[in-house]
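K.L.:
Below: sequence and its predicted model.
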Amino acid sequence: MFMYKRKIMDDLIAWKNNAGKKKALVIKGMRQIGKTFIVKAFAEENYENVVYINFKDNESAKKIFDGDFVINRITLDISALFPGTHFVPGKTIVIFDEVQECANARASIKAFMLDGRYDVICTGSLLGIKGYNRKKGRGIPTGFEHIIYMKPMDFEEFLWAKEIDENVISELKRCYRERIPVSEVIHNSMLRNFREYICVGGLPYVVDRFLATNDMNVVYAEQRDIIEEYKDDFGKHLDENEREEIDLTLLARINRVFDSIPAQLAKENKKFTYAQLEKKGRSENYQAAIQWLFDAGIINICYNLSNISLPFEGNKIDNIFKIYMQDSGLFVAMLEQGSSAALLNGDFGMYKGAIYENIIADAFSKMNRPLYYYHKESGLEIDFVTKYQNNAVLVEVKATNGNTKSANTILKNKEQYNVNLCIKYGDCNIGQEKEKLSLPYYMIFMLE
């Protein structure tokens, strides 16, 4: 069993230490991101008694929640089903793992919180997608949950997993703060680590296999298996009727959207187009499929802006967007086999822009930054627009040391855009010239 240091542990500790809390913790996130490992580790370190139920592995446990939500009865039934479990008020945590498989267990949270004797953590993938219509359970306990979203490992967590000396990471942060170049040795080492991270991604099991074997063929095989598991999840989507039937039309559309992502990002402007899915593809036919993939945590959606000004949400264009994969490693694995080797050797091919844009979108998502870009029919295009130090800032991503013509145009036109900074990410070192800040890719996780 592998266990890596994760930043989300701070969120779990903050939740436990909130003396006034009367809410359960619900951790949402895509499959294979380490939800179970992190919750178990947290529980073992912070509670005398841990009651763990995995609803995917234990059908009998589901029946406990078919009756009335009387906590004494529920805890008695759990104790009978799982010998060795103990419920001690104030010293016990109950973990409902894969809770999407038992909607009534999640519904029981309200009763647990009103009772107040035990802390509760729920984890699950596909939460909000599967098993929560009126025919499947007794509703979501609104007001009694604190929800956090867990993402794959970011680059700093990847460096921790590789046991990179903390002094090296501290030096990177110092150079970032002071806007001074990183030493050549550290810079080249970090570029190599970052390329590995792009190919491996942030799924802990895949990272573990990479560190254990140092074999990208093993990594690729594991990633392809996970992709197939995701496709199996697509088939588990139930229609919203009372019958448990797979909506075959929606299933086909989910698969079409998912499979099209590499080709969508290979285009010059990378905008998602429905014609890529079928000759007369229409947005209304695919909105549910795209939303499904987003809700499952598999993709990120980056919206075009009508105007580069805050607040961005008020200027986004709902029907013009790009789609990126949440995990860069899975995105590389969706390309032909051997893509990782080419990337590690600096041979980016036709997907060079897509790969690096995807990793920046991935990083922004892990910071909980909404994704936006700016494109005009005149050809003006900025890869990303984000909020930085309370101002609208342009972000350009360069697989090679290309120019920033569109950014130059916007920076010069203050009356129309009122933008004073462009951050360019590339394989360059740190440097600043007037309104342009150049940063190496590997510093993306440091953006405040």
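P.N.:
Right, received. Where do you want to start?
K.L.:
So in this structure, which strand runs the longest?
P.N.:
strand 316-325 (DSSP state E).
K.L.:
Quick one: mean pLDDT over stretch 357-365.
P.N.:
On average, the pLDDT along stretch 357-365 is 95.
K.L.:
ignore the last one, stretch 418-426
P.N.:
For stretch 418-426, the mean pLDDT works out to 94.
K.L.:
Now do the buried residues in that stretch.
P.N.:
419, 421-426 (16 or more other CB atoms under 10 Å). (C-beta placed from N, C-alpha, C; glycine too.)
K.L.:
ends of it, how far apart?
P.N.:
25 Å (CA to CA, to the nearest Å).
K.L.:
ok, residues contacting it?
P.N.:
308-309, 356, 360, 388, 391-401, 404, 407, 410-411, 414, 435-441, 443-444, 447 (CB atoms under 8 Å, 6 or more residues apart in numbering).
K.L.:
Quick one: buried ones out of those residues?
P.N.:
The buried subset of the contacts of stretch 418-426 (16+ other CB under 10 Å) comprises 308, 356, 360, 388, 392-399, 404, 407, 410-411, 436-441, 443-444, 447.
K.L.:
before we move on, back to that, please narrow the contacts of stretch 418-426 to those residing in strands.
P.N.:
388, 391-397, 436-440.
K.L.:
Show me where the stretch 101-250 of the chain has its strands.
P.N.:
119-124, 145-149 (DSSP state E, counting those that start in this stretch).
K.L.:
What is the longest one packed up against?
P.N.:
Secondary-structure packing of strand 119-124 (3 or more CB pairs under 8 Å, 6 or more residues apart in numbering; DSSP states H and E): strand 24-28, helix 35-46, strand 92-97, helix 109-115.
K.L.:
redo that, cut-off 6 Å
P.N.:
With contacts defined as 3 or more CB pairs under 6 Å, 6 or more residues apart in numbering; DSSP states H and E, the packing partners of strand 119-124 are strand 24-28, helix 35-46, strand 92-97.
K.L.:
Now do the buried residues in the helix or strand bottoming out on mean pLDDT in the chain.
P.N.:
When the helices and strands of the chain are scored by mean pLDDT, DSSP states H and E, helix 339-344 comes last with a mean of 79. Within helix 339-344, the residues scored as buried using 16+ other CB under 10 Å are 339-340, 342-343.
K.L.:
Then stretch 169-188?
P.N.:
169, 172, 175-176, 182, 187.
K.L.:
how many neighbours does Asp66 have?
P.N.:
If you count neighbours by other CB atoms under 10 Å, Asp66 ends up with 8.
K.L.:
and it, how far is that from Ser189?
P.N.:
Computed as CB to CB, to the nearest Å, the Asp66 to Ser189 distance reads 56 Å.
K.L.:
and if you look at Tyr441?
P.N.:
Going from Tyr441 to Ser189 by CB to CB gives 13 Å.
K.L.:
go on, Lys436?
P.N.:
With distances taken as CB to CB, Lys436 is found 25 Å from Ser189.
K.L.:
I figured Met190 hits Tyr441, correct?
P.N.:
No: look at Met190 against Tyr441 with CB atoms under 6 Å: they stay out of range, at 8.6 Å.
K.L.:
Point me to the helix or strand that includes Ile13.
P.N.:
Take DSSP states H and E as the rule and Ile13 turns out to sit in helix 8-17.
K.L.:
no no, Thr85
P.N.:
Counting by DSSP H and E, Thr85 is part of no helix or strand.
K.L.:
is it true that it touches Ser79?
P.N.:
Yes: shown here, Thr85 and Ser79 form a contact pair, counting by CB under 6 Å, at 5.3 Å.
K.L.:
Could you quantify the relative orientation of the host helix or strand of Val385 and strand 391-397 as an angle?
P.N.:
Using DSSP H and E, Val385 sits in strand 384-388. Orientation check (axes from the mean of the first three to the mean of the last three CA atoms, to 10 degrees): strand 384-388 against strand 391-397 gives 140 degrees.
K.L.:
Next, the angle strand 436-440 makes with strand 384-388.
P.N.:
100 degrees.
K.L.:
Pop the domain breakdown of this structure in here.
P.N.:
Domains of the chain are assigned by automatic domain parsing as 8-149, 155-446.
K.L.:
And the last one, end to end?
P.N.:
Read that as domain 155-446. End-to-end span of domain 155-446 (CA to CA): 10 Å.
K.L.:
can you check the shortest one too?
P.N.:
Start and end residues of domain 8-149 are separated by 9 Å (CA to CA).
K.L.:
And the pLDDT for Arg138?
P.N.:
60.
K.L.:
and the longest strand of the chain, what does it pack onto?
P.N.:
Counting contacts by 3+ CB pairs under 6 Å, 6+ apart, strand 316-325 is packed against strand 299-305, helix 352-366.
K.L.:
so who does the residue nearest in space to the middle of the chain touch?
P.N.:
The residue lying closest to the centre of the chain (CA atoms, centre = their mean) is Lys151, at 3.7 Å. Lys151 sits next to Lys366 when contact means CB atoms under 6 Å, 6 or more residues apart in numbering.
K.L.:
now the strand holding Val385, how far from the centre of its chain.
P.N.:
When C-alpha coordinates are averaged (CA atoms, centre = their mean, to the nearest Å), strand 384-388 and its chain have centres 18 Å apart.
K.L.:
Check stretch 224-240 too.
P.N.:
That offset, for stretch 224-240, works out to 17 Å (CA atoms, centre = their mean).
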